[in-house]
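Fold the following.
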Amino acid sequence: MATGYSAAYGMDLSGGRAVLVRATRRGAGQVLWNGPVEAGDLRSVWAAVAREVGSGRAALAAGVPAAQTVVRRLRAPFASARKAARVWPSLLDVELPFPLEAAVCAFADPRRDGEGMQVVAAAIRRGDLEGLENSASEVPNGPTHADAEALALWDQLVHEIPPVRPDHPRMLAWVAADHVTLVRGRGTEFMAVHVLRASPLAGDSAAREAFGARWASRLAPILSEHRSEAGSADLDLWWGGPGAADEGLLNRLRRGLPPGTQIRHETLRQPETFLARALARRAVTGMGINFRTGEYAHPARLRREARQMRAAYGGVAVAALLVLGLNLGDSVLRQRRDALWQRRLTAAAEQIAGPGVPHGQEMLMVERALSARDEATRPFRGAMDPDGLETRLIQALQEIDALDIEISRLSMSPLALTLEGRAASIQAVEGLTGRLQTQGWAVQSDSPGRTPEGHPLFILKGALHHEG
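Numbers count the residues shown, from 1 in each chain. Okay, here's the model as predicted:
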């Protein structure tokens, strides 16, 4: 999908360092900066970027950390892409650990999967997206594009290093300053992403030792799941990120991998700039996703799109569209907070209930639309879910919602349940364990440590009891 941009910048800010890459539609990306954020020379680079982005000539793309996004593969039993598109939001809603109306969602281009369709979907909480506007304070209103870190990493791996065999299992380990993202797939097909909310680059020696133990325990089930889904014990593992520049660190991480998988290790070319290269390329080619659309669209992008329409159609009508586009950009940033929240409420309601939601009736219209959608899709969900996963998932989410708990990963099958996250206290974890046990789950609890704020981390694994 063409974007109309002649150039795009990809930025990666973490651990007190900045990476800035400029890409055009032709040729490889150019690394403009790879160094400390506080360096004086970086100011002149940002000034040039701000001018080009503000004029609409270039895009600026930032990666939304994988820990803030939910990425899922969805399947619909329709051969028609249009029919499948109608059920993608409903299918994604079941997968989200937060309400769909509280999220901004993006869908990649669907592809045929047997007699149905498959799509990769990504979602982010609205509150997390709003904070992205301040991620590049040197550029007014922040980046024009907010892409999903996990999908950008996988896409760049496929672009720079195409698989030799179409079905060969592959994984990319992105060792960042404050987290590790593991993206896995088969051939060119994205399968899943996993996040460790810690990094071997952060903390003192004790923290690094704790990370080593956590690394081994987390990788064991991930590699086991990957072997099962990919149907092979062989794996190509690519290392990237700031940590990949330290060969000693990589050797320790390799030694910490659990046995059972035949792994071939490779380090990416220029591993520190890999993510920024991916973001810039996806923005200039239009191949990436962008959470900054609609009410979150960057004002410079709105002005640029309005100018394009005026050039294409001319006349008073298009001039009016230009004014509307400018007003929309200004209103998002400058109007009073009550007007801003009203627009967001209306937009969220119309996304669910359709256009024309009367002011003051948002909740009523949404409740009616959700009730109608629930009735309309119940036979479809029942046919797709003979084991009653949806009911058990809803029960589990209701128990989670009743406690002061944040979930980072939830996985459920007809016989097993895995929950990972953090809680306000050990008592909250024990309360969740007890509630799940009353639903028929045999639950085992494990604590991999605590967050920097002192909150306990937990891993709950459950097996479903069967009578008889």
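
Just the buried residues of stretch 231-239, please?
Residues of stretch 231-239 classed as buried: 235-239 (neighbour count, 16 or more other C-beta atoms under 10 Å). The C-beta positions use only the backbone N, C-alpha and C, and glycine is treated the same way.

hang on, I meant stretch 184-201
If you call a residue buried by 16+ other C-beta under 10 Å, then stretch 184-201 has these buried ones: 184-186, 189-201.

again, but for stretch 406-414
For stretch 406-414, by 16+ other C-beta under 10 Å, it's 407-408, 410, 412.

What is the nearest of those residues to Ala216?
Ser408 (18.6 Å; C-beta to C-beta).

got the contact list for that closest one?
Neighbouring residues of Ser408 by C-beta atoms under 8 Å, 6 or more residues apart in numbering: 67, 195, 197, 420-422.

do Thr346 as well
Residues near Thr346 by C-beta under 8 Å, 6+ apart: 357, 359, 362.

what do you get if the cut-off is 7 Å, keeping everything else the same?
357, 362 (C-beta atoms under 7 Å, 6 or more residues apart in numbering).

Look up phi and psi at it.
Main-chain torsions, Thr346, degrees, to the nearest 10: phi -60, psi -40.

Sheet partners, orientation included, of the helix or strand hosting Gly449?
Element membership for Gly449, per DSSP states H and E: strand 441-450. Strand 441-450 pairs in its sheet with strand 456-464 (antiparallel), by DSSP bridges.

can I get the CA coordinates of the strand it pairs with in CSV?
Extracted C-alpha coordinates of strand 456-464, given in CSV (Å, rounded to 0.1, in the frame of the first residue of the first chain):
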residue,chain,number,x,y,z
PRO,A,456,4.8,-10.0,43.1
LEU,A,457,5.0,-11.6,39.6
PHE,A,458,3.2,-14.9,39.2
ILE,A,459,2.7,-17.8,36.8
LEU,A,460,-0.4,-19.9,37.2
LYS,A,461,-0.8,-23.2,35.3
GLY,A,462,-4.0,-25.1,35.4
ALA,A,463,-5.3,-28.4,34.3
LEU,A,464,-9.0,-29.1,33.9
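
Pull out the buried residues from it.
Neighbour counts over strand 456-464 (16+ other C-beta under 10 Å) mark 456-462, 464 as buried.

Farthest-apart pair in the contacts of Ser408, please.
Val195 and Arg422 (12.8 Å).

Tell me what the residue most central in space within the chain is bridged to.
The residue lying closest to the centre of the chain (C-alpha atoms, centre = their mean) is Thr69, at 3.1 Å. When assigned by DSSP bridges, Thr69 has beta-bridge partners Ile124.

Contacts only, for it.
If you count contacts by C-beta under 7 Å, 6+ apart, Thr69 has them with 122-124, 148, 150.
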